[in-house]
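Enquirer: Fold the following, please.
(4 chains)
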Protein chains: 2
Amino acid sequence: MRRMTARPANTHQARLLRLLRDGGPNSRAQLGDRIDLSRSKLAVEVDRLLETGLVVADGLAASRGGRRSHNIRLAPQLRFLGVDIGATSVDVAVTNAELEVLGHLNHPMDVREGPVAVFEQVLVMAAKLRASGLAEGFDGAGIGVPGPVRFPEGVPVAPPIMPGWDGFPVREALSQELGCPVMVDNDVNLMAMGEQHAGVARTVGDFLCVKIGTGIGCGIVAGGEVYRGTTGSAGDIGHIQVEPDGRACACGNRGCLEAHFSGAALARDAEDAARAGQSTELAARLESAGKLTAVDVAAAAAAGDATALDLIREGGNRVGQVIAGLVSFFNPGLVVIGGGVTGLGHNLLASVRTQVYRQSLPLATGNLPIVLGELGPVAGVTGAARLISDHLFSPA
Amino acid sequence: MRRMTARPANTHQARLLRLLRDGGPNSRAQLGDRIDLSRSKLAVEVDRLLETGLVVADGLAASRGGRRSHNIRLAPQLRFLGVDIGATSVDVAVTNAELEVLGHLNHPMDVREGPVAVFEQVLVMAAKLRASGLAEGFDGAGIGVPGPVRFPEGVPVAPPIMPGWDGFPVREALSQELGCPVMVDNDVNLMAMGEQHAGVARTVGDFLCVKIGTGIGCGIVAGGEVYRGTTGSAGDIGHIQVEPDGRACACGNRGCLEAHFSGAALARDAEDAARAGQSTELAARLESAGKLTAVDVAAAAAAGDATALDLIREGGNRVGQVIAGLVSFFNPGLVVIGGGVTGLGHNLLASVRTQVYRQSLPLATGNLPIVLGELGPVAGVTGAARLISDHLFSPA
DNA sequence: CGATCTTTGTCCTGAGTGTGGAGAAAGTTG
DNA sequence: CAACTTTCTCCACACTCAGGACAAAGATCG
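Expert: As a prediction, this is how the structure comes out:
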């Protein structure tokens, strides 16, 4: 099957494609209402898009009191691949051109196994999705990695938790294997884009997306655009110091946020507490599973375990303290919290909110929602699809 | 005299005006090299600008081996007024269209005297500048106030250190008095724009501009544009907590950065030290002046006073700690430090650098200059002129 | 001092972009 | 079936813009 070869020839076409992607109007007349173009020019550009095959007109819509309109939509066979490489698992999903997730696979895997092994797994998963009939091929792929990325080149740089990935040509390699265009970004940025596209941040121009998983990172969206910083490391808040002479961190410093609270830190603290006999609930879980994760702590807290609750509350205070500073600095319109610890839910949220509302100025917090992400593991892959679609739906 | 009435009719004209403002080429041919337009189109737009009077062609340049070119430049009689209202003083300057400062006045004044009194003073100073022959009138004015501003309306909001200013229609009032367009912004943002236009940040797209005066604020420039946040309070880092249960702050919290280090805090600490007999140098200065300021501390440190040096070093550590966090988060390409404490100079800078380079990740600090502002008090007024000129030099 | 080359600026034609009106097509409503 | 709506197409006209031809003005060199 022939894959997407054409690209929009001008900004009008690009805007039309995005309008259609984002679930907008689907007749020429309705498109005309939302784009600043005359009917005639609009018709010309739509016709050209129809010629390229990026867009199809299939069937007629119901009448709204007059002549029935043609349904204009993005080519239904277009498929994007969204890949989200986390520290401990890989998510792969296939979407249509509207970025609706048609199929989604997850595979536990340590990113430290290196790019070659991870890519092999990604290709297996992509093949499985293809084999299940969801796609005959991919028109583009977005991929997120858990570390800073030199964005224009699509190459990870100096990733602390990803030895072996430094300088690996992710974009080029994956593009070669899949035979389609590929864009690479930080996983946190993709989560932010996902929540922006289909989640809680749909209507917000400036927001922060704090992802608490094995580590902690923060996606920054300013003026509707992801902000990546000078070297692509913007949002790397895991190593902000929260306690002078605090705990030793893998980065070599002491007192980093990540060392005091993160999925990994929480699990370790819970195990310590269980072994110290502070919580029978946690001890029981440790006994049966051999180790603890954030999920266990969440379950224990839900069961009313005071120690687990304390751990969550203290962690929330730590993150909240940092977020409070970021809120003062960045003055976002929304703070989204997501990642593996979302299961800790409202206990975590409550202490974060307390810290932020207490420490930041009223002007910055007055109308500031602090909420959990809406999309869970879908956020990353949706963001990945969005990344590549933004790229393909812009003039060449 | 007739003032500037015309505005650029399209983006081409706007770009040409900015090219000319920013000291660019000044013949049609040279303009053509830097703008993506054909010679013919360029000639048309230049002719139209000449007709409006925004631009003049005066005289011929020296030959460069062929026909001599016409000097194209912004109308020489254009004048912008730059106003920088600080907590304890008012700066007013007049610039030409290239934003060169032609005259600059400073007047000590407490912003808490309220907008009416301050405006009266600003108008007196503007009149003085006009009387000295530097301007026959003003084509536009930019004004900075030491607090958050609802930018589109030009109205200060909830300014903690400016009682009486909340909701005062600064833009409208000043525009009425001066009879020209006015734009209002936070003083810190203007300092950032000043350093961006004519100072150390000329070539940097993403940078932070930390202003340490009576309080502490931070201008944020992302992608070449000032970032103001959702409610205009972005960069308000003075109330980030640096010490749990630290010193009481005017905002009602404890441990705010501003309470531990700022022009005001430094002066107070120095006086305390002098009274406690920890420094004969500071005591002598306190004796003779009745009070101490950051300037005294700087002088004492320059004279080798250990206590003064300690105060500066400790303050630098505090700010450095916060800046380190911001660097991790924002990943800027440059950090500029300015404001009243610039006199503390390299002693301050040294401890800030130490903190940042120690606490932030190598990827973010690897190529990160941390420098003092280049323009001093001129930064604010230059930024103010730049603000209004950006506004006037864009299509209506 | 003239011939030639360079640089600058102007003019003109033709291709392409985009608008708005006229009106055809295809419905609904009474 | 007449009147009205909505959607879509076609067409004439204005405007934008690029690039070539060429004129103006000076430098360079034999």
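Enquirer: For the stretch 151-300 of chain A, which segments count as strands?
Expert: A:155-156, A:182-186, A:207-212, A:216-222, A:225-226 (DSSP state E, counting those that start in this stretch).
Enquirer: Would you mind giving those strands as TSV with distance to chain B, mean pLDDT and mean neighbour count added?
Expert: In this view, the C-beta of every residue, glycine as well, is placed from N, C-alpha and C. Below are those laid out as TSV (distance: least, Cβ to the nearest Cβ, whole Å; pLDDT from 0 to 100; neighbours: other Cβ atoms under 10 Å in any protein chain shown):
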stretch	distance to chain B	mean pLDDT	mean neighbour count
strand A:155-156	11	94	22
strand A:182-186	11	97	26
strand A:207-212	9	96	28
strand A:216-222	6	97	27
strand A:225-226	8	98	19
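Enquirer: Which one of those lies nearest to DNA strand C?
Expert: Closest approach to DNA strand C among the strands of the stretch 151-300 of chain A (Cβ to the nearest atom of the strand): strand A:225-226, 23.5 Å.
Enquirer: now for that closest one, which elements pack on it?
Expert: Helices and strands touching strand A:225-226, by 3 or more Cβ pairs under 8 Å, 6 or more residues apart in numbering or on different chains; DSSP states H and E, are helix A:187-198.
Enquirer: and for the helix it packs on, what are the contacting residues?
Expert: Here helix A:187-198 makes contact (Cβ atoms under 8 Å, 6 or more residues apart in numbering or on different chains) with A:22, A:84-86, A:99, A:142, A:144-146, A:201-202, A:204, A:207, A:209, A:211, A:217-221, A:224, A:226, A:228, A:235, A:336, A:338-339, A:373-375, A:378-384, A:386-387.
Enquirer: Which residues of chain A lie near DNA strand C?
Expert: A:10, A:12, A:36-41, A:60, A:63, A:65-68 (Cβ under 7 Å from any atom of the strand).
Enquirer: one more time with 6 Å
Expert: A:12, A:37-38, A:40-41, A:63, A:65-68 (Cβ under 6 Å from any atom of the strand).
Enquirer: tell me which residues of whichever strand or helix holds residue A:355 are tucked away?
Expert: Per DSSP states H and E: residue A:355 is located in helix A:345-359. For helix A:345-359, a neighbour-count test (16 or more other Cβ atoms under 10 Å in any protein chain shown) marks A:347-349, A:351-353, A:355-357, A:359 as buried.
Enquirer: which helices and strands sit right next to the following helix or strand past that helix?
Expert: Remark: after helix A:345-359, the chain's next helix or strand is helix A:362-365, criterion DSSP H and E. Helix A:362-365 is packed against helix A:306-330, with contacts defined by 3+ Cβ pairs under 8 Å, 6+ apart.
Enquirer: And chain B, is the helix it packs on touching that?
Expert: Yes. Residues of helix A:306-330 contacting chain B under Cβ under 8 Å from any Cβ of the partner chain: A:321-322, A:324-326, A:328-330.
Enquirer: from the residues you listed, which would you call buried?
Expert: Using 16+ other Cβ under 10 Å, the buried ones in those are A:321-322, A:324-326, A:328-330.
Enquirer: secondary structure class for residue A:81?
Expert: Here residue A:81 takes the strand state, with states given by DSSP: H, G, I helix; E, B strand; the rest coil.
Enquirer: Can you give me the distance of the residue nearest to residue A:342 when sequence neighbours are not counted to residue A:364?
Expert: Nearest non-adjacent residue to residue A:342, counting by Cβ to Cβ, 6 or more residues apart in numbering or on different chains: residue A:372, 5.6 Å away. Noted for residue A:372: a distance of 20 Å to residue A:364, by Cβ to Cβ, to the nearest Å.
Enquirer: out of those two, which sits in the more crowded spot?
Expert: residue A:364 (26 against 18; other Cβ atoms under 10 Å in any protein chain shown).
Enquirer: I figured the more buried one hits residue A:325, correct?
Expert: No. When contacts are counted by Cβ atoms under 8 Å, residue A:364 is not listed as touching residue A:325 (10.8 Å).
Enquirer: rewinding a little: so what touches the helix holding residue A:355?
Expert: Identification of contacts with helix A:345-359 by Cβ under 8 Å, 6+ apart yields A:298, A:301, A:309, A:312-317, A:319-321, A:323-325, A:327-328, A:335, A:337, A:341, A:365, A:368, A:370-372, B:239-241, B:253.
Enquirer: Now which of those residues would you call buried?
Expert: A:298, A:301, A:309, A:312-313, A:315-317, A:319-321, A:323-325, A:327-328, A:335, A:337, A:341, A:365, A:368, A:370-372, B:239-241, B:253.
Enquirer: how many neighbours does residue A:283 have?
Expert: Neighbour count of residue A:283, defined by other Cβ under 10 Å: 20.
Enquirer: list the contacts for it?
Expert: Residues counted as contacts of residue A:283 (Cβ under 8 Å, 6+ apart) are A:274-275, A:277.
Enquirer: Just the pLDDT for it.
Expert: Confidence at residue A:283, expressed as pLDDT, is 86.
Enquirer: For the closest residue to residue A:147 other than its chain neighbours, list the residues it contacts.
Expert: Leaving aside its sequence neighbours, residue A:147 sits nearest to residue A:159 (Cβ to Cβ, 6+ apart; 2.9 Å). Contacts here follow Cβ under 8 Å, 6+ apart; on that basis residue A:159 touches A:145-148, A:165-166.
Enquirer: Show me the contact partners of stretch A:371-383.
Expert: Residues contacting stretch A:371-383 (Cβ under 8 Å, 6+ apart): A:82-84, A:86, A:91-93, A:95, A:99, A:101, A:104, A:106, A:142, A:144, A:185, A:187, A:189-200, A:209, A:334-339, A:342, A:345, A:349.
Enquirer: Straight-line length of that stretch, end to end?
Expert: From its first residue to its last, stretch A:371-383 covers 18 Å (Cα to Cα, to the nearest Å).
Enquirer: one step back: tell me the bridge partners for the residue nearest to residue A:342.
Expert: Note on residue A:372: beta-bridge partners residue A:337, judged by DSSP bridges.
Enquirer: For residue B:12, see how far away it is.
Expert: 48 Å.
Enquirer: now do residue A:299
Expert: 63 Å.
Enquirer: Comparing these two, which residue is more hemmed in?
Expert: Between residue A:299 and residue B:12, counted using other Cβ under 10 Å, the more crowded position is residue B:12 (20 against 16).
Enquirer: can you tell me how far the spatially closest residue to the more buried one that is not a sequence neighbour sits from residue B:39?
Expert: Leaving out its chain neighbours, the residue that sits closest to residue B:12 by Cβ to Cβ, 6+ apart is residue B:45, at 4.9 Å. Residue B:45 sits 11 Å away from residue B:39, going by Cβ to Cβ.
Enquirer: just the helices in the stretch 151-300 of chain A please.
Expert: For the stretch 151-300 of chain A, the helices defined by DSSP state H, counting those that start in this stretch cover A:170-178, A:187-198, A:257-260, A:263-275, A:280-289, A:294-302.
Enquirer: Low-confidence ranges, chain A, go.
Expert: A:1-2, A:25 (pLDDT under 70).
Enquirer: which bits of it sit near DNA strand D?
Expert: Chain A comes close to DNA strand D at residues A:27-29, A:39-40, A:43, A:64-67, A:69-70, as judged by Cβ under 6 Å from any atom of the strand.
Enquirer: TSV please, covering the helices of the stretch 151-300 of chain A and showing distance to residue A:75.
Expert: What follows is these, written out as TSV (distance: least, Cβ to Cβ, whole Å):
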stretch	distance to residue A:75
helix A:170-178	19
helix A:187-198	19
helix A:257-260	43
helix A:263-275	40
helix A:280-289	48
helix A:294-302	41
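Enquirer: With adjacent residues omitted, what lies nearest to the residue in the stretch 1-150 of chain A positioned nearest to chain B?
Expert: Closest to chain B within the stretch 1-150 of chain A is residue A:148: 5.8 Å, counting by Cβ to the nearest Cβ. In this structure, residue A:148 finds its nearest non-sequential neighbour in residue A:233, 4.1 Å apart by Cβ to Cβ, 6+ apart.
Enquirer: Check the gap between the one you found and DNA strand D for me.
Expert: 38 Å (Cβ to the nearest atom of the strand, to the nearest Å).
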